[in-house]
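Trainee: Provided below are the primary sequence and the corresponding predicted coordinates.
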Amino acid sequence: MLERRGPGVNLVSTISYPEERKPYPPGYRGMHRLTVRPDGRPRCVACYMCATACPAQCIYIEAGEYEDQAIEKYPVRFEIDELRCIVCGFCVEACPKDAIRMDTGTHAPSVLSRPLAVFDKEALMKGPPVEHPSDVLTYRVPLRTVAPPDEDRGTGE
Ligand code: SF4
Ligand code: SF4
């Protein structure tokens with residue numbers, strides 16, 4: 001294992017993997033996750049920006065619409081082919097909703113066949129919920145009709 005201790009100063013050490021493991025450094029781009037809202041729904045609004053930005057074209061999304069929320073869309077299907085992924089992080093940068101992160105601290109597991117490297121929405125939705133103050137704006141508030149005060153009403157007398 002090579003540790004960088006500064007410009008031109010590297011330290012080579014040996015650990016007994018897999019019994020000993022060294023955590024990845026902060027900022028390591030690991031396995032993707034789809035972040036969830038406090039109510040458990042995905043933060044993703046199926047805008048396709050991550051899939052558009054992905055140079056490896058390894059993100060597949062199918063959008064659906066909520067009937068009762070101003071969050072207009074959500075991913076009915078969201079899949080990432082981790083074998084095609086080149087771990088560039090463009091999808092994270094492109095997302096306007098902080099809905100996709102690579103902060104799991106783990107790498108993609110080895111698999112015995114290619115289809116097993118395709119992770120679906122259920123497999124990707126993990127980790128603590130993510131909230132943002134602007135979230136309140138995305139929930140539709142029922143329209144209320146406010147009656148004018150009595151004195152403003154014309155009595156015709
Ligand atoms: S990290 Fe890069 S290659 Fe991988 S899914 Fe995101 S945009 Fe695509
Ligand atoms: S993860 Fe983000 S960028 Fe990708 S479709 Fe969902 S909201 Fe859009």
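Mentor: Now that the structure is in, tell me what you want to look at. Ligands and ions are numbered 1, 2, ... in the order given.
Trainee: ok, now how distant is the residue nearest to residue 124 when sequence neighbours are not counted from residue 4?
Mentor: In this structure, residue 124 finds its nearest non-sequential neighbour in residue 34, 4.3 Å apart by C-beta to C-beta, 6 or more residues apart in numbering. C-beta: built from backbone N, CA, C; applies to glycine. Residue 34 sits 32 Å away from residue 4 when distances are taken as C-beta to C-beta, to the nearest Å.
Trainee: Look at those two and report which has more neighbours.
Mentor: residue 34 (23 against 10; other C-beta atoms under 10 Å).
Trainee: so that one makes contact with residue 43?
Mentor: Yes - between residue 34 and residue 43 a contact is recorded at 7.3 Å, counting by C-beta atoms under 8 Å.
Trainee: joint contacts of those two?
Mentor: Taking C-beta atoms under 8 Å, 6 or more residues apart in numbering as the contact rule, residue 34 and residue 43 both touch residue 99.
Trainee: returning to that earlier point: okay, and the beta partners of the residue nearest to residue 124?
Mentor: On the basis of DSSP bridges, residue 34 is bridged to residue 100, residue 125.
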